[in-house]
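> after the sequence you'll find the predicted model.
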Amino acid sequence: MKTLIVVGLFESVGDARDVCNRLHTEGVSEGNCAHMRLKEIDLVASTSKAGLAVLSIDALVFGNIRDRFAKFIGNGETAVLVRADSEADAAFASDVLRLFTPIAIEVFEVEPAR
């Protein structure tokens with residue numbers, strides 16, 4: 001069974017935190033939502049490794065996420081990643097992300113970690 005990862009890119013970490021808080025109040029579990037600054041992704045810092053563990057995302061897929069958003073990286077942009085088990089859950093997460101005026105939203109289909 002494939003998992004969908006909805007990724008929204010926001011101008012600041014504050015916006016990303018607000019999005020995650022809204023997702024939690026709307027019923028998305030904390031284990032299915034994470035946020036991190038894109039510069040940390042490039043450095044593969046311990047923070048981004050923890051984010052990867054929380055979402056069980058394969059490192060290659062995570063690299064693809066970074067590459068897709070590279071054109072938007074400028075000054076501290078923050079990605080919000082939401083794991084969705086169905087198209088409906090992914091659409092719901094995308095709708096919530098849109099409430100906070102993201103720079104971009106992408107949905108990735110990945111094989112779950114084994």
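Happy to help now that I have it. Numbering: from 1, shown residues only.

> ranges for the strands of the protein?
In the chain, the strands defined using DSSP state E lie at 3-10, 33-37, 78-84, 104-110.

> for those, which one ends up most surrounded?
Ranked by mean neighbour count, the strands of the chain are led by strand 78-84 with a mean of 24 (mean count of other CB atoms under 10 Å). Bear in mind the C-beta positions are built from the backbone N, C-alpha and C, glycine included.

> before we move on, the earlier item: take the strands of the chain and write them to JSON lines, including distance to Ala91 and mean pLDDT.
Shown next, in JSON lines, are the strands of the chain (distance: least, CB to CB, whole Å; pLDDT from 0 to 100):
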{"stretch": "strand 3-10", "distance to Ala91": "9", "mean pLDDT": "91"}
{"stretch": "strand 33-37", "distance to Ala91": "16", "mean pLDDT": "87"}
{"stretch": "strand 78-84", "distance to Ala91": "8", "mean pLDDT": "91"}
{"stretch": "strand 104-110", "distance to Ala91": "9", "mean pLDDT": "89"}
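
> dump those to TSV, plus distance to Asp18.
Below are the strands of the chain laid out as TSV (distance: least, CB to CB, whole Å):
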stretch	distance to Asp18
strand 3-10	9
strand 33-37	10
strand 78-84	10
strand 104-110	15
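
> tell me where this protein has helices.
Remark: helices assigned in the chain by DSSP state H are 13-25, 38-43, 46-55, 59-69, 87-98.

> out of those helices, point me to the one whose mean pLDDT is lowest.
Within those, confidence is poorest for helix 46-55, with a mean of 50 (mean pLDDT).

> quick check: closest non-adjacent residue to Leu23.
Setting aside the residues directly before and after it, Leu23 is nearest to Cys33 in space (CB to CB, 6 or more residues apart in numbering), at 5.1 Å.

> quick one: residues contacting that neighbour.
Contacts for Cys33 (CB atoms under 8 Å, 6 or more residues apart in numbering) come out as 20, 23-24, 80-83.
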